[in-house]
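Chemist: Pasting a predicted model and its sequence here:
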Amino acid sequence: MDTNIIQAAIPKFIEGFKVTIWLSLIGIIGALIVGLICSLLQYFKVPIVSKIISAYIELSRNTPLLIQLFFLYYAFPVIGLKLSATFCGFIGLTFLGGSYMSEAFSGGFNGVSNTQIDAGKAIGMSRRQLARYVVFPQGLSLSMPALSANIIFLIKETSIFSVIAIPELTNTALDLIGIYYRSNEYLLMLVIAYAIILIPLSIVLTILERRVRYGSFGN
Amino acid sequence: MAKEILRVEKLNKFYAKQQILYDVDFSIAQGEVLALLGPSGSGKSTLIRCLNGLEEFSTGDLFFDGQKMVPTEKNWQQIRQKIGMVFQSYDLFSNLTVLENIVLGPIKVQKKSRSQAVQIATRLLKRVGLADYLQTYPRQLSGGQKQRIAIVRALALHPEVMLFDEVTASLDPEMVRGVLEIIKELSEKDNMTMIIVTHEMNFAEQIADRVLFLEDGHILENTPSKQFFVNSQTERAREFLESMKF
Ligand SMILES: Nc1ncnc2c1ncn2[C@@H]1O[C@H](COP(=O)(O)OP(=O)(O)O)[C@@H](O)[C@H]1O
Ligand SMILES: [Mg+2]
């Protein structure tokens, strides 16, 4: 283990770190938006659209992100759609994450007990009012654990972006290993860099989960 | 004779192929208190839930204030403001404070102003002795407190009829009395029309004008309360009363 090598590589890792953070951030935001929209459309059982969404969710959850990325990066140019690597990464993460987030939201909405819904109906609320004031607030807090698991999962998935040459953390480390033939130092740095992102984040998410947990208390 | 407020005619209810209610017929007059009694599984909850559309009935008619109920979602939303319901499991909205639980209906459903709704809520909460709990969340309350607030939530819409489905069945014994007293006061002071499902026989005997005795989805008795508890018409009802004395 050579500390000089580690020191020399820090600037490059910081660059990779920024790319990973940035991509994760926009990808997760995209996934949350897509997921929320899909879950709402499914909750209200919008005809046809909900069928299409189910198909999307199956497709997205049952194909590896790697293949989804290859598709965006190599197959789309064939039909004249050339996407930048970063944009592919963003779309890929949103496409994959959207389905996971949608399932997380739906799980929360469906987890709201029927007796709460009966109580809402009994005071004359319409289905929409019930959704807005009872089901969604409670469902969101019920879905928090699944949402945060997905957030962590998606950040880890960004390491796959190295295969389409996005200079994020994993790509940076693999590049350096290829150039200097030193794997111990770079792999250690890689692990530490992911830990710096994921450990504090998962602590924050756990705290957040606790704060919103009221919805699962019932009654 | 007071005016008839609710009438049920030839109501039948199936779950899938299984029949749960058979040709149920009865009516209730303004200010009358009806106790709906019967063994567990006889269909009491199903019947009472049919009255405000929480369960669909398969055939039969419902008349409210002399008008035949056309069972569309919109109509049910109207009727439910006039028929309040309280459940065994309280079911206050866990994401809302006591105050928000109570004003939700008046504000969102009945389009009352917030200040008006808050006024109604405060007055009713005072009445059940819980005026200090406006900003409390349901999880911080005891079962008895939750149930009293659930009653207030229903009353805030100014219903003409109240349905109570085993509202004391989940309560610790020392909480039961407070809730029953509120129901009794509703009848005595406000002359509220009520249908009460309960297994508190003493309470039923005190409060009910009439008893509907249900078994296996059939109404076996529709008898004035005085007579029912002293001298029921059917053998089954006598056996039932005997079994409730444990
Ligand atoms: N959702 C349901 N699906 C099928 N059967 C049901 C359902 N709810 C109740 N039942 C049946 O209907 C009958 C009456 O139930 P219920 O109205 O709850 O009785 P009670 O309130 O008198 O105890 C019971 O046999 C019960 O098993
Ligand atoms: Mg019942």
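Modeler: That came through fine. Ligands and ions are numbered 1, 2, ... in the order given.
Chemist: In the chain, where's the longest helix?
Modeler: As the question left the chain open, I've gone with chain A. helix A:3-43 (DSSP state H).
Chemist: that's the wrong chain, I meant chain B
Modeler: Max-length helix for chain B by DSSP H is helix B:173-190.
Chemist: hmm, the helix or strand just after that one touching chain A?
Modeler: Using DSSP states H and E, the helix or strand that follows helix B:173-190 in sequence is strand B:193-197. No: using CB under 8 Å from any CB of the partner chain, strand B:193-197 stays clear of chain A, coming no nearer than 13.6 Å. Every C-beta, even on glycine, is put in place using the N, C-alpha and C of the backbone.
Chemist: that older thread, with only the CA atoms kept, save the longest helix of chain B in PDB.
Modeler: Written as PDB, here are the backbone C-alpha positions of helix B:173-190 (Å, rounded to 0.1, in the frame of the first residue of the first chain):
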ATOM      1  CA  PRO B 173     -63.900  -2.000  30.800                       C
ATOM      2  CA  GLU B 174     -63.300   1.200  32.600                       C
ATOM      3  CA  MET B 175     -63.600   3.100  29.300                       C
ATOM      4  CA  VAL B 176     -66.900   1.600  28.300                       C
ATOM      5  CA  ARG B 177     -69.100   3.700  30.500                       C
ATOM      6  CA  GLY B 178     -67.900   7.100  29.300                       C
ATOM      7  CA  VAL B 179     -68.700   6.200  25.700                       C
ATOM      8  CA  LEU B 180     -72.100   4.600  26.500                       C
ATOM      9  CA  GLU B 181     -73.100   7.700  28.500                       C
ATOM     10  CA  ILE B 182     -72.400   9.900  25.500                       C
ATOM     11  CA  ILE B 183     -74.600   7.800  23.300                       C
ATOM     12  CA  LYS B 184     -77.300   7.800  25.900                       C
ATOM     13  CA  GLU B 185     -77.100  11.600  26.200                       C
ATOM     14  CA  LEU B 186     -77.400  11.900  22.400                       C
ATOM     15  CA  SER B 187     -80.700  10.100  22.600                       C
ATOM     16  CA  GLU B 188     -82.100  11.800  25.700                       C
ATOM     17  CA  LYS B 189     -80.900  15.400  25.000                       C
ATOM     18  CA  ASP B 190     -80.800  15.600  21.200                       C
END
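Chemist: Touching that helix from outside, list them.
Modeler: Residues outside helix B:173-190 that contact it (CB atoms under 8 Å, 6 or more residues apart in numbering or on different chains): B:31, B:33, B:128-129, B:142-144, B:147-148, B:151, B:155, B:162, B:164, B:167-168, B:171, B:192, B:194, B:196, B:200, B:203, B:206-207.
Chemist: next one: stretch A:62-72
Modeler: Contacts of stretch A:62-72 (CB under 8 Å, 6+ apart): A:60, A:83, A:88-89, A:91-93, A:95-96, A:157, A:160-161, A:163-164.
Chemist: just the residues you listed: which has the poorest pLDDT?
Modeler: When the contacts of stretch A:62-72 are compared on pLDDT, A:Leu83 comes out lowest, with 82.
Chemist: what's the neighbour count on that one?
Modeler: Counted with other CB atoms under 10 Å in any protein chain shown, the neighbours of A:Leu83 add up to 16.
Chemist: Hmm, it is touching A:Phe90, no?
Modeler: No: A:Leu83 is beyond contact range of A:Phe90, at 9.4 Å (criterion: CB atoms under 8 Å).
Chemist: mind listing the strands for chain B?
Modeler: Assigned by DSSP state E, chain B shows strands spanning B:4-15, B:18-29, B:33-37, B:59-64, B:67-68, B:83-86, B:161-165, B:193-197, B:210-215, B:218-224.
Chemist: list the helices and strands the first one packs on?
Modeler: It refers to strand B:4-15. On a contact count with 3 or more CB pairs under 8 Å, 6 or more residues apart in numbering or on different chains; DSSP states H and E, strand B:4-15 meets strand B:18-29, helix B:44-51, strand B:59-64.
Chemist: wait, what's in contact with the residue nearest to the spatial centre of chain B?
Modeler: When chain B is reduced to its mean C-alpha position, the nearest residue by CA atoms, centre = their mean turns out to be B:Leu163, at 1.4 Å. By CB under 8 Å, 6+ apart, B:Leu163 lies in contact with B:Ile48, B:Leu51, B:Asn52, B:Ile83, B:Gly84, B:Met85, B:Val86, B:Met194, B:Ile195.
Chemist: low-confidence ranges in the chain?
Modeler: Here I'm looking at chain A. Applying pLDDT under 70 to chain A flags residues A:214-219.
Chemist: was after chain B, sorry
Modeler: Confidence mapping of chain B against pLDDT under 70 gives the ranges B:1, B:246.
Chemist: Just the buried residues of the contacts of B:Leu163.
Modeler: Neighbour-count burial (16 or more other CB atoms under 10 Å in any protein chain shown) applied to these gives B:Ile48, B:Leu51, B:Asn52, B:Ile83, B:Gly84, B:Met85, B:Val86, B:Met194, B:Ile195.
Chemist: Get me the contact residues on chain B for chain A.
Modeler: So chain B meets chain A at B:52-54, B:73, B:76-78, B:80-81, B:84-85, B:87, B:89-96, B:104-105, B:108-110, B:137-139, B:146, B:150, B:153-154, B:157 (CB under 8 Å from any CB).
Chemist: Output the buried ones among the contacts of B:Leu163 as a markdown table; include the columns distance to A:Ile123.
Modeler: A markdown table is the format used below for these (distance: CB to CB, whole Å):
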| residue | distance to A:Ile123 |
| --- | --- |
| B:Ile48 | 16 |
| B:Leu51 | 15 |
| B:Asn52 | 10 |
| B:Ile83 | 10 |
| B:Gly84 | 8 |
| B:Met85 | 9 |
| B:Val86 | 11 |
| B:Met194 | 17 |
| B:Ile195 | 17 |
